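S.K.: Give the three-dimensional model of this entry:
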Amino acid sequence: MITILSESVVKAQKDHRCDMCRGMIKAGEKYCRTFSVDGGDNWMLKEHLECKEKREAMCSDCTWKFDCESSLEECYFEKVLKGEK
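M.R.: Modelled structure (predicted):
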């Protein structure tokens, strides 16, 4: 089960890559930073605020409800990014 330990909106001090759309988060831009754990694994998710909203909408419609069976990034690509084209 995925546990979110912290989630915050921060201003980028340097350029980062959005973990969802793979686009650039530019220095000075606000983005969402989420630290999560699942079993013995932990990770930091960085995403545009718009991508976070789309991911939350995508996950709320999913059978797994935020406890991903597969890669979150792959789901986002398949269900959100491909759907926009």
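
S.K.: Near the closest residue to Lys11 other than its chain neighbours, how many other residues are there?
M.R.: Setting aside the residues directly before and after it, Lys11 is nearest to Lys30 in space (C-beta to C-beta, 6 or more residues apart in numbering), at 5.5 Å. C-betas here are computed from N, CA, C, even on glycine. Look at Lys30: counted by other C-beta atoms under 10 Å, it has 11 neighbours.

S.K.: measure Lys30 to Phe77 for me?
M.R.: Per C-beta to C-beta, to the nearest Å, Lys30 is found 23 Å from Phe77.

S.K.: one step back: residues contacting the residue nearest to Lys11?
M.R.: 9-12, 49 (C-beta atoms under 8 Å, 6 or more residues apart in numbering).

S.K.: Please convert the buried members of those into ChimeraX selection syntax.
M.R.: Per 16 or more other C-beta atoms under 10 Å, the buried members of the contacts of Lys30 correspond to this ChimeraX selection:
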select :12
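
S.K.: Tell me which of the contacts of Lys30 fall in strands.
M.R.: Residues of the contacts of Lys30 located in strands (DSSP state E): 9-11.

S.K.: any idea which of those residues is closest to Arg55?
M.R.: Using C-beta to C-beta, Val9 comes nearest to Arg55 of the ones in strands among the contacts of Lys30, at 14.5 Å.
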